[in-house]
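**Q** no sequence on this one, just coordinates:
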């Protein structure tokens, strides 16, 4: 009778240790994994709007003429509204 009790006790202890080990490993993996909201440095580009149609677009794509920004060469030839 005592051997049976010791067997079940030992089995319960092993199961508890196995579960604790898995939980700790999962927590460690989650802590090391990159979070979806944690992003590497993202540089924001300034925006500008077309003098003709008002469309907002990145300033690096702007066509400059007469001190104004345009979204396309076709809008450079048209007068601002």
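**A** Received, thanks. Everything quoted here is computed from the prediction, not taken from an experiment. Numbering: from 1, shown residues only.

**Q** separation between residue 78 and residue 49?
**A** To residue 49, residue 78 is 15 Å away according to CB to CB, to the nearest Å. The C-beta positions use only the backbone N, C-alpha and C, and glycine is treated the same way.

**Q** do residue 7 as well
**A** Here residue 7 is placed at a distance of 78 Å from residue 49 (CB to CB).

**Q** comparing those two, which residue is more hemmed in?
**A** A direct count of neighbours by other CB atoms under 10 Å for residue 7 and residue 49 places residue 49 higher, at 16 against 10.

**Q** contact partners for residue 4?
**A** For residue 4, no residue meets the contact criterion (CB atoms under 8 Å, 6 or more residues apart in numbering).

**Q** so what does it look like in phi/psi?
**A** Taking degrees, to the nearest 10, you get phi -60, psi -40 for the backbone angles of residue 4.

**Q** okay, and the beta partners of residue 63?
**A** residue 70 (DSSP bridges).

**Q** next, count neighbours for it.
**A** Other residues near residue 63 number 14, with proximity taken as other CB under 10 Å.

**Q** residue 1 now?
**A** By the criterion of other CB under 10 Å, residue 1 has 5 neighbours.

**Q** where does this protein dip in pLDDT?
**A** 33-42, 80 (pLDDT under 70).

**Q** which residues in it form strands?
**A** 47-49, 56-58, 63-65, 68-70 (DSSP state E).
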